[in-house]
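Q: Okay, sequence plus prediction incoming.
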Amino acid sequence: MKFRNWMKVCLALTLAGGAALAQNTDWNALGKQWWSHVQYLADDSLEGRGTGSEGFEKAATYMAEQFRAAGLEPAGVDGYRQPMDFQVVKLDESRCSLDLLRDGKTQPVKLGDDAILGVSSHAAENVKAGAVFAGYGLTVPESHYDDLAAQDVKGKIVVFVTGGPSDMPGPVKAHYQSGEERRKALARAGAVGTITIQNPKSAEIPWSRIAASRFQPRMELADPGKDAPPPLPLGISFNPAQAEMLFAGSGHTFQEILTALNEDKPLPHFPLAVEVHARVGMTRSRVKSENVVAVLPGSDPQLKKEYVVVSAHLDHLGIGEPVNGDRIYNGAMDDASGDASLIEIARAMKGSKPRRSILFLSVTAEEKGELGSQYFAAHPTVSGPIVADINMDMYLPLFPLKYLEVQGLGESTLGDDVRAVAGEAGVQIQADKEPEHNRFIRSDQYSFIKKGVPSLAFKFGWVPGTPEAKTFKAWYAERYHGPSDDLSQPVDVAAAAQFDAILAKLTLRVADADQRPEWKADSFFRRFAQ
Ligand SMILES: [Zn+2]
C-alpha cells in the first residue's frame, strides 16, 4: 500500500497506523452504524429477503442507494443491478411417496421424518431402482480414490454418507463433495440418483430443521453457463437416525458404518437389499432477481483494469415453516451482516485512490446454491480481469475479535496479506478449524475459485474449550438457517466494526500491491487458474 493511500485509510477508519486496533477509535459508534444496515436488511418487513421476493427487491434498492451514497459508481448492466432469470421448482408432497421394496414387501418411508425428496428441473417424477452403499460416494482422481468403482452403480441409486477419508486433504475432500463434482462423477458412472446421509460427525443442524426446509423452492439459473452439469434424476436426503431401514437384509448395518466413521476406518461398499421407489411431485415457475454491483475505480492507468472483488450475499431464506411461531427467516448474520460490512467498507474508502479497481458485489441466490455469484462469474459486468475475491458470509461477530479464522489461508498469497493486516491490528489469524464443514467451498467465493481467482472467507475465531467456542457452536445449533437468526440476538457490534476495518485494509493492500494475488504452488485450487 502506498503511504498516501495508507494515510487516507487511517483517517477514514480512524485507525492508528501500524498499532493494534486503536483505543481512541469509537468502535461502538462505528458498530452502531454497521448495525443500522443490518437492522434495515433483517427487519421483518423485508420478509427474509427470499430470492425473487419483494423483500429482496427492497434490500437491493437499499444496497444500490447505500453504494451510491458511499460514492461508488454503478457497475451492473442496468445501473447498479445485474438482473437474471431463474427456474423455480417446488416440492408438492401431496403427490410424493417413497417406498422401500424388499422380498415382495413394501415399506413406506415417512417423508419429512425419515427422508426428504429433492426437486430439480431435471428430476424424474417416477424412479424405481436398486441401491448400493458406496461409502462416501466420492471420486477423487488425484488421490486414486474412487468409491464408485468398487461395484456396478449403473442404473442404481447410490447411497453414501457425507465426508471423506480422514487422511485426504480438506480442500480436496471439499471440492469433490461439491454438488457439481459429485454430479459429474455420478453421471459418468451411470447412477440414476443418490441417497445422502449426513455424517453425524459434521452435522450442523438437527434433522428437524433440515426437514422443515424441504418446501423451500429450489432455484436454478435459466442460463447457468456452458460447463454446468445437470442434476441427476433423483436426489434423496435420509435422516441418519432412521437410516438403518435402508440397510436391513444387506448383511450390514448403519451402526457398523457409524462405528467405522468414529474409528476413522475405511467404509465398506456393498449392494443394498432394497429397491427404492420414489414418486416426486413438483410445481414449476420462473422468477427474476439481481446482483447489486458497484465500483470504486482504480487510479493506476494499467492496474485499474484489474478488479478486487469484495462480496456478500443479499438473499436469505424468505418465509418458511414456522419455528416457535416465527415464519420469517431474517438472516441477520446470514448474511445481512456481510452486506452491512460491504457498505461500511465502501464508506471507509470514500476518497481513497486504490491502484486497482475495487468491485463491491452483493449477490442474490446464495442460499439457492451460490447462483448469483455463479452468474456473475459466468457473465462478469466488468471487462478487466478479477484478481481476488474477499467474501463475507456470516462471519459471526458474536464476541470480541481476538482471533480471525480464515478459510483459504494457506492457498494463496492473500493468506499472507490477511496475516499482515490482522497482525498490525493485534488480531491472531487461525486456519480453518473445522475443515470437515467444507466452508471454503460453501459460499460465493467458490464461484470465483472455480474461475481461477484467489479468494478468502472468514469467521470470528475462538479457542476450543472457551465460552466463545460454546457461543459459536450454540449459534449453529440454535440459529443457523432458523428464524431466530434475527435482530434480537446478541451481537458484538464494536467487534464487527473492527472486522470491517481489517477487511478494508486488506482490500486496499491487495488493490495497491505491485503484484496481483497468486495461488500457492502447492494449492489444490491452483488447477482452475490457467
Ligand atoms: Zn446461509
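A: Received, thanks. Numbering: from 1, shown residues only.
Q: Nearest the geometric middle of the chain, what residue?
A: Ser443 (2.3 Å; Cα atoms, centre = their mean).
Q: In this structure, which helix is the longest?
A: helix 493-512 (DSSP state H).
Q: Could you name the helices and strands sitting against that helix?
A: helix 3-13, helix 27-41, strand 307-313, helix 337-348, strand 357-363, strand 386-391, helix 414-424, strand 455-460 (3 or more Cβ pairs under 8 Å, 6 or more residues apart in numbering; DSSP states H and E). For glycine as for every other residue, the C-beta is placed from the backbone atoms N, C-alpha and C.
Q: Rebuild those as JSON lines, extending it with mean neighbour count.
A: As requested, the helices and strands packed on helix 493-512 are arranged in JSON lines below (neighbours: other Cβ atoms under 10 Å):
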{"stretch": "helix 3-13", "mean neighbour count": "16"}
{"stretch": "helix 27-41", "mean neighbour count": "19"}
{"stretch": "strand 307-313", "mean neighbour count": "28"}
{"stretch": "helix 337-348", "mean neighbour count": "26"}
{"stretch": "strand 357-363", "mean neighbour count": "28"}
{"stretch": "strand 386-391", "mean neighbour count": "26"}
{"stretch": "helix 414-424", "mean neighbour count": "19"}
{"stretch": "strand 455-460", "mean neighbour count": "26"}
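Q: Quick check: which of the ones you listed is nearest to Ala69?
A: Closest to Ala69 of these is helix 337-348 (Cβ to Cβ; 8.0 Å).
Q: hmm, back to that, so which of the helices and strands packed on helix 493-512 comes closest to Ser97?
A: Closest approach to Ser97 among the helices and strands packed on helix 493-512 is made by strand 307-313 (34.8 Å; Cβ to Cβ).
Q: thought Val119 was touching Leu91?
A: Yes - counting by Cβ atoms under 8 Å, Val119 touches Leu91, with 5.1 Å between them.
Q: overlap in contacts of the two?
A: Residues touching both Val119 and Leu91 by Cβ atoms under 8 Å, 6 or more residues apart in numbering: 280, 282.
Q: Break down this structure into its helices, ranges please.
A: So, for the chain - with DSSP H - the helices run 3-13, 27-41, 54-69, 170-176, 179-189, 207-212, 244-247, 254-262, 337-348, 371-378, 414-424, 445-449, 467-478, 493-512.
Q: okay, those helices in a markdown table with mean pLDDT and distance to Arg526 next?
A: Output for those, formatted as a markdown table (pLDDT from 0 to 100; distance: least, Cβ to Cβ, whole Å):
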| stretch | mean pLDDT | distance to Arg526 |
| --- | --- | --- |
| helix 3-13 | 42 | 30 |
| helix 27-41 | 98 | 35 |
| helix 54-69 | 98 | 33 |
| helix 170-176 | 84 | 11 |
| helix 179-189 | 92 | 17 |
| helix 207-212 | 88 | 34 |
| helix 244-247 | 98 | 39 |
| helix 254-262 | 95 | 31 |
| helix 337-348 | 98 | 26 |
| helix 371-378 | 95 | 17 |
| helix 414-424 | 97 | 13 |
| helix 445-449 | 94 | 10 |
| helix 467-478 | 95 | 31 |
| helix 493-512 | 98 | 18 |
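Q: and those helices as a markdown table, adding distance to Phe460?
A: Below are the helices of the chain laid out as a markdown table (distance: least, Cβ to Cβ, whole Å):
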| stretch | distance to Phe460 |
| --- | --- |
| helix 3-13 | 19 |
| helix 27-41 | 14 |
| helix 54-69 | 23 |
| helix 170-176 | 20 |
| helix 179-189 | 27 |
| helix 207-212 | 23 |
| helix 244-247 | 38 |
| helix 254-262 | 29 |
| helix 337-348 | 11 |
| helix 371-378 | 22 |
| helix 414-424 | 12 |
| helix 445-449 | 17 |
| helix 467-478 | 7 |
| helix 493-512 | 7 |
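Q: quick revisit: quick one, which of Val119 and Leu91 is more surrounded?
A: Val119 (25 against 22; other Cβ atoms under 10 Å).
Q: ok, that one - contacts?
A: Here Val119 is in contact with 89-91, 218, 280, 282 (Cβ under 8 Å, 6+ apart).
Q: Gln374 too?
A: With Cβ under 8 Å, 6+ apart, Gln374 has these contacts: 221, 224-225, 228, 447.
Q: Just the ones of those residues in strands?
A: Among those, the members falling in strands (DSSP state E) are Leu221.
Q: Which of the contacts of Gln374 has the largest number of neighbours?
A: Ser447 (25 neighbours).
Q: coming back round to it: quick check: nearest residue in space to the residue nearest to the centre of the chain, chain neighbours excluded?
A: In this structure, Ser443 finds its nearest non-sequential neighbour in Asp393, 4.1 Å apart by Cβ to Cβ, 6 or more residues apart in numbering.
Q: The one you found and Glu366 touch, don't they?
A: Yes - proximity of Asp393 to Glu366 meets the contact threshold set by Cβ under 8 Å, at 7.1 Å.
Q: shared neighbours of these two, anything?
A: Joint contacts of Asp393 and Glu366 (Cβ under 8 Å, 6+ apart) are 313, 335, 443-444.
Q: Where does confidence bottom out across the residues you listed?
A: Across the shared contacts of Asp393 and Glu366, the smallest pLDDT goes to Ser443, namely 88.
Q: quick one: contacts for it?
A: Contacts for Ser443 (Cβ under 8 Å, 6+ apart) come out as 313, 366, 370, 391, 393, 457.
Q: Distance to Val493 for the residues you listed - can I get that in CSV?
A: Output for those, formatted as CSV (distance: Cβ to Cβ, whole Å):
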residue, distance to Val493
His313, 21
Glu366, 23
Glu370, 28
Asn391, 21
Asp393, 18
Ala457, 21
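Q: For Arg419, state which of those residues is nearest.
A: Using Cβ to Cβ, Ala457 comes nearest to Arg419 of the contacts of Ser443, at 15.3 Å.
Q: so what's that closest one closest to, chain neighbours aside?
A: Leaving aside its chain neighbours, Ala457 sits nearest to Gln407 (4.3 Å; criterion: Cβ to Cβ, 6+ apart).
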